[in-house]
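Undergrad: Attaching a predicted model along with its sequence, questions to come.
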Amino acid sequence: MTFGELTIDHFVALVRQRSSFVLPEQVRPYDSLNELGIESIDVFELILITESMALCSVPPAEVPLIFTLADAFDYYWRCRALASDT
């Protein structure tokens, strides 16, 4: 699988592999991170994981608010676009 073919399901699987927090077995993209048991420090880790997968780094002031895994997935694609522009 290349990152160009990344789907939300693959994204969630990669987050599961790379994170120290545990996601429930059943995850819907639009479940709130709070509903999934992801705490504030875990959101920071999720952002770092997303940026490492997208091969980019965004200044903290420009990081969007992330409330769901779908938000993180959208952020991944925005980061990929930024990375490919440089």
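TA: Cool, got the structure. These numbers come from a predicted model, not from an experiment. Numbers count the residues shown, from 1 in each chain.
Undergrad: Double-check R16 against L36; I have them as touching.
TA: No - R16 lies out of contact with L36 (Cβ atoms under 8 Å); the separation is 11.3 Å. C-beta here means a position set from N, CA and C on the backbone, and glycine is covered the same way.
Undergrad: Give me the common contacts of those two.
TA: L23 (Cβ atoms under 8 Å, 6 or more residues apart in numbering).
Undergrad: Those two: which is more packed in?
TA: Taking other Cβ atoms under 10 Å, R16 and L36 do not tie; L36 has more neighbours (17 against 12).
Undergrad: check contacts around the more buried one.
TA: L36 neighbours (Cβ under 8 Å, 6+ apart): L23, P24, V27, L69.
Undergrad: a markdown table for those, including secondary structure and distance to D9?
TA: Compiled in a markdown table, the contacts of L36 are given as follows (DSSP: H, G, I helix; E, B strand; the rest coil; distance: Cβ to Cβ, whole Å):
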| residue | secondary structure | distance to D9 |
| --- | --- | --- |
| L23 | coil | 12 |
| P24 | coil | 15 |
| V27 | coil | 9 |
| L69 | helix | 10 |
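Undergrad: Output those residues as a markdown table; include the columns neighbour count, distance to S52 and pLDDT.
TA: Listed next are the contacts of L36 as a markdown table, based on neighbours: other Cβ atoms under 10 Å; distance: Cβ to Cβ, whole Å; pLDDT from 0 to 100:
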| residue | neighbour count | distance to S52 | pLDDT |
| --- | --- | --- | --- |
| L23 | 18 | 17 | 95 |
| P24 | 10 | 23 | 95 |
| V27 | 17 | 20 | 94 |
| L69 | 24 | 16 | 95 |
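Undergrad: what's the most distant pair in the residues you listed?
TA: Spatially, the most separated pair among those is P24 and L69, at 11.2 Å (Cβ to Cβ).
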